[in-house]
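Asks: My questions concern the predicted model and sequence given below.
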Amino acid sequence: MKEENCIFCKIASGEIPSKTIYEDNEFRVILDISPASKGHALIIPREHYADIYELPEDMAGHVMVLAKKLAAHMTEALNCDGFNIVQNNGEVAGQTVFHFHMHLIPRYREDGNQDKLCWNHLELSQEELEDICRKLRK
Ligand code: 5GP
Ligand code: ZN
């Protein structure tokens with residue numbers, strides 16, 4: 001399934017050229033056009049799923065296995081010092097392209113980024129934590 005006006009559908013199918021570092025029947029992995037570091041890559045499924053909610057479970061498994069293999073390969077090839085794997089869902093969470101993708105971000109000691117990807121830390125009471133825990137426990 002493809003979406004007509006989706007840039008990642010076009011990149012994944014090869015209709016739009018990209019700097020591809022890996023491909024198989026299910027995925028194309030490309031260098032990000034606006035990288036956070038040298039080697040920042042995106043795992044893109046060839047089929048169109050908007051986000052993790054639409055992604056089938058078997059694909060979720062395959063994407064994680066591929067991320068693990070590429071993390072090892074890229075760390076060796078680029079000699080990076082660490083690695084972030086990031087995956088955004090929804091505008092509020094920073095998603096800008098609404099075709100599921102996983103960011104592979106090699107990290108270097110002096111890459112100019114914050115050590116940790118940033119968020120604010122909340123101070124929640126025990127009651128609030130308990131309440132959230134109750135809502136989430138399966
Ligand atoms: P998101 O913000 O949705 O998690 O990530 C989208 C990513 O796709 C961004 O890091 C952005 O730089 C990258 N990107 C957007 N358009 C293109 C493109 O046409 N080519 C490539 N290679 N990367 C793109
Ligand atoms: Zn798409």
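Replies: Structure received. Ligands and ions are numbered 1, 2, ... in the order given.
Asks: Pairing partners for the residue most central in space within the chain in the sheet, please.
Replies: Nearest to the mean C-alpha position of the chain, by C-alpha atoms, centre = their mean, lies Met102 at 1.8 Å. Taking DSSP bridges, one obtains Ile43 as the residues bridged to Met102.
Asks: so who does it touch?
Replies: Contacts of Met102 were listed using C-beta atoms under 8 Å, 6 or more residues apart in numbering, and they are 42-43, 63, 67, 85-87. For the C-beta atoms, the positions are set from N, CA and C on the backbone; glycine is no exception.
Asks: ok, these vs ligand 2, which is closest?
Replies: Leu42 (12.4 Å; C-beta to the ion).
Asks: Contacts only, for the closest one.
Replies: Taking C-beta under 8 Å, 6+ apart as the test, what Leu42 contacts is 29-32, 101-104.
Asks: if we can go back for a sec, what about the residue nearest to the centre of the chain, distance to Glu91?
Replies: As for Met102, its distance to Glu91 is 18 Å (criterion: C-beta to C-beta, to the nearest Å).
Asks: Okay, strands next: where are they in this protein?
Replies: With DSSP state E, the ranges of strands along the chain come out as 20-23, 27-31, 41-45, 82-86, 102-107.
Asks: what is the orientation angle of the longest one with strand 82-86?
Replies: Yep, that's strand 102-107 we're talking about. Here strand 102-107 runs at an angle of 160 degrees relative to strand 82-86 (axes from the mean of the first three to the mean of the last three C-alpha atoms, to 10 degrees).
Asks: and the direction of strand 102-107 versus that of strand 41-45, what angle?
Replies: Going by the same axes, to 10 degrees, strand 102-107 makes 160 degrees with strand 41-45.
Asks: Using PDB, write out every CA atom in strand 102-107.
Replies: Output in PDB follows, covering the C-alpha atoms of strand 102-107 (Å, rounded to 0.1, in the frame of the first residue of the first chain):
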ATOM      1  CA  MET A 102      13.100   5.000  12.700                       C
ATOM      2  CA  HIS A 103      16.000   7.300  13.300                       C
ATOM      3  CA  LEU A 104      19.500   5.700  13.700                       C
ATOM      4  CA  ILE A 105      21.700   8.400  15.100                       C
ATOM      5  CA  PRO A 106      25.400   7.700  15.600                       C
ATOM      6  CA  ARG A 107      26.800   9.700  18.500                       C
END
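Asks: Much appreciated, bye for now.
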